[in-house]
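1. here are the coordinates; sequence isn't available:
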């Protein structure tokens, strides 16, 4: 199975459940991706309410 985006935190992952929040609610179609490297100093991370580094979907359906 391909990559999924968590409906709760928007983390992009592979596997059964989200490694970020533990949710099993996901979408397989999402728009845009953003890689957060330094969540404390990133304006994008602040706007998207992202607390940890990683790959995130910008918009989930």
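-> Received, thanks. Everything numeric in this text was worked out from a predicted model, so none of it was measured.

2. mind checking how far the residue of the chain most remote from its centre is from residue 53?
-> For the chain, the largest distance from the centre (Cα atoms, centre = their mean) belongs to residue 41, which lies 17.7 Å off. Distance from residue 41 to residue 53, counting by Cβ to Cβ, to the nearest Å: 11 Å. (Each C-beta comes from the backbone N, C-alpha and C, glycine too.)

3. Where does residue 2 sit, in terms of helix or strand?
-> Per DSSP states H and E: residue 2 is located in neither a helix nor a strand.

4. Might you report the residue contacts of residue 39?
-> If a contact means Cβ atoms under 8 Å, 6 or more residues apart in numbering, then residue 39 has 45, 50-53 as its contacts.

5. I figured residue 55 hits residue 12, correct?
-> Yes. Using Cβ atoms under 8 Å, residue 55 makes contact with residue 12 at a distance of 4.5 Å.

6. more neighbours, these two?
-> A direct count of neighbours by other Cβ atoms under 10 Å for residue 55 and residue 12 places residue 12 higher, at 20 against 14.

7. Relative to residue 59, how far out is that one?
-> Distance from residue 12 to residue 59, by Cβ to Cβ: 12 Å.

8. How about the spatially most central residue of the chain, nearest residue that isn't a chain neighbour?
-> The centroid of the chain falls nearest to residue 11 when counting by Cα atoms, centre = their mean (1.8 Å). The shortest distance from residue 11 to any non-neighbouring residue, by Cβ to Cβ, 6 or more residues apart in numbering, is to residue 20 (4.1 Å).

9. This completes my enquiry, with thanks.
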